[in-house]
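Engineer: Sequence and predicted model, in that order:
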Amino acid sequence: VQLVESGGGLVQPGGSLRLSCAASGFSFITYGLGWARQVPGKGLDWVSSIYTDDTTYYRDSVKGRFTISRDNAKNTVYLQMNSLKPDDTATYYCARVSKTTWGLPRLLGSWGQGTQVTVSS
């Protein structure tokens, strides 16, 4: 199993980035995929996930700004991030997930190597 994140960078507040997570080594269409982020000294926080039934989850702080999508033909999941804020600064990771009863993601397996997003003027 391999998950490779890309698309991070430095962006000004209000700007946009699109993160990609290219997957290999497993049957992509049979898994949900999720994004989480981490700032130094803190734990990972789920940001968004998309499940095999195409339902989605977003943490409250990114609703209306972030959009998750998947391309099963390319084995890739995306996170479109708009109206970025300094509080979005973090390393973003993707992973396989399942959906809990409450619609929240549950981690399956390991994370990718991450991609850094820095929102600063």
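Structural biologist: Okay, I see it.
Engineer: and the residue nearest to the spatial centre of the chain, bridged to which residues?
Structural biologist: For the chain, the residue sitting closest to the mean C-alpha position, by C-alpha atoms, centre = their mean, is W35 at 2.3 Å. Using DSSP bridges, the beta-bridge partners of W35 come out as S48, C94.
Engineer: Show the pLDDT at it.
Structural biologist: Note for W35: predicted pLDDT of 98.
Engineer: how near is the residue nearest to D88 when sequence neighbours are not counted to P86?
Structural biologist: Spatial nearest neighbour of D88, chain neighbours left out: V119 (5.2 Å); criterion: C-beta to C-beta, 6 or more residues apart in numbering. All C-beta spots, glycine's among them, are computed from the backbone N, C-alpha and C. Distance of V119 to P86, computed by C-beta to C-beta, to the nearest Å: 5 Å.
Engineer: which residues are common contacts for these two?
Structural biologist: P13 (C-beta atoms under 8 Å, 6 or more residues apart in numbering).
Engineer: Tell me which of the two has more neighbours.
Structural biologist: Under the neighbour definition other C-beta atoms under 10 Å, V119 and P86 were set side by side, and V119 has more, 20 against 11.
Engineer: so what's the more buried one up against?
Structural biologist: V11, Q12, P13, G15, L84, K85, P86, D87, D88, T89.
Engineer: can you put those in TSV and add distance to G64, secondary structure and pLDDT?
Structural biologist: Output for these, formatted as TSV (distance: C-beta to C-beta, whole Å; DSSP: H, G, I helix; E, B strand; the rest coil; pLDDT from 0 to 100):
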residue	distance to G64	secondary structure	pLDDT
V11	18	strand	98
Q12	19	coil	98
P13	16	coil	98
G15	16	coil	98
L84	13	coil	98
K85	12	coil	98
P86	18	helix	97
D87	15	helix	97
D88	13	helix	98
T89	19	coil	98
